[in-house]
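Q: Okay, predicted coordinates and the sequence, questions at the end:
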Amino acid sequence: MQKYFAKNTAAIRFLHAGVAPFSSRNGLALLAALSVLAGVIGPFGTYADLPIMTRLVYWTVMVLGTASVGHAAATSLERLFGRTRWPALVQQGMISILVAVPVSLSVVLISTGLGFGSFSGNMVSLYLQCAAVTGFVMIVSNLLPSAVKSEPASSLPEVPALLVKLPLAKRGRILRLRAQDHYVEVVTESGSTLLAMRFRDAIAQAAPEPGLQIHRSHWVALHAVAGRCRMDKRSGLRLSDGSIVPVGRSFQAAVKRVVSTGS
């Protein structure tokens, strides 16, 4: 399973997009507010059919489930349509229409799983409602982040492609890479992760983080280097996280050019 996700960037991006709505306090606050609002109002006949506590549980699960599925699908489609030259309005309309399909299916599955019916006789109506809600959400999401959109794209920091492969909890600024057979250990400020990939590919995907290969099996980010040291009569580098990494003989000259002498 780990090897599959390490090699399948599309699957990793889809999963990350699915959990993105829950990765910020603002996102969680919005989802919580929507869940409570829907639970109190009881749309789509749930006010008359379900008591208040049951409605709150029902709509909390529904909001969280559809938010995850909808955001993952929308993010994937935005990436796909972004390659076309279609007008933005047409792209948004197509995305709303297409995203409503998995959202509708998730509504059916969640409702059936909770024992509240399958909507089998009202799929067209359900789809139209989901398409309307999806379109509204996309319009609002495009209007809200105006301050972010006003900032030039060139001024935004570029994230290394390698970080996309890491679990959210392990993401952070890259400190070092180490080759281990067919795997690469990626060490960030948040921890370490093993990825099934070639060492040279990992180094390439660490860009634009400035770094240097110092051994056939080691690469370090320049910001993480605290100084040079000796380890078992061999040259090494001491990093900011306390680790010591060996320097290969053939890499000595390159290391001396970019790393100041330390204790």
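A: Received, thanks.

Q: When you work out contacts or count neighbours from here on, use the C-alpha atoms and nothing else.
A: Fine.

Q: can you pull out the strands in the chain?
A: Secondary structure of the chain, counting by DSSP state E: strands at 174-180, 183-188, 191-196, 211-215, 218-221, 225-231, 234-239, 244-246.

Q: Pipe these into CSV and attach mean neighbour count and mean pLDDT per row.
A: CSV is the format used below for these (neighbours: other CA atoms under 10 Å; pLDDT from 0 to 100):
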stretch, mean neighbour count, mean pLDDT
strand 174-180, 23, 93
strand 183-188, 21, 92
strand 191-196, 18, 88
strand 211-215, 20, 92
strand 218-221, 22, 94
strand 225-231, 18, 84
strand 234-239, 19, 87
strand 244-246, 21, 90
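
Q: Looking at these, spot the one closest to residue 257.
A: With respect to residue 257, and counting by CA to CA, the nearest of the strands of the chain is strand 211-215 at 10.9 Å.

Q: Dump the strands of the chain into a markdown table; add distance to residue 115 as well.
A: Putting the strands of the chain into a markdown table (distance: least, CA to CA, whole Å) gives the following:
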| stretch | distance to residue 115 |
| --- | --- |
| strand 174-180 | 46 |
| strand 183-188 | 44 |
| strand 191-196 | 40 |
| strand 211-215 | 55 |
| strand 218-221 | 53 |
| strand 225-231 | 57 |
| strand 234-239 | 55 |
| strand 244-246 | 57 |
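
Q: and residue 65, which of those is closest to it?
A: Proximity to residue 65 (CA to CA) singles out strand 191-196 among the strands of the chain, at 28.0 Å.

Q: Pull up the pairing partners for the closest one, direction included.
A: If you go by DSSP bridges, strand 191-196 pairs up with strand 183-188 (antiparallel).

Q: to the chain's geometric centre, what's the distance from the partner strand?
A: Centre-to-centre, strand 183-188 and its host chain are 18 Å apart (CA atoms, centre = their mean, to the nearest Å).
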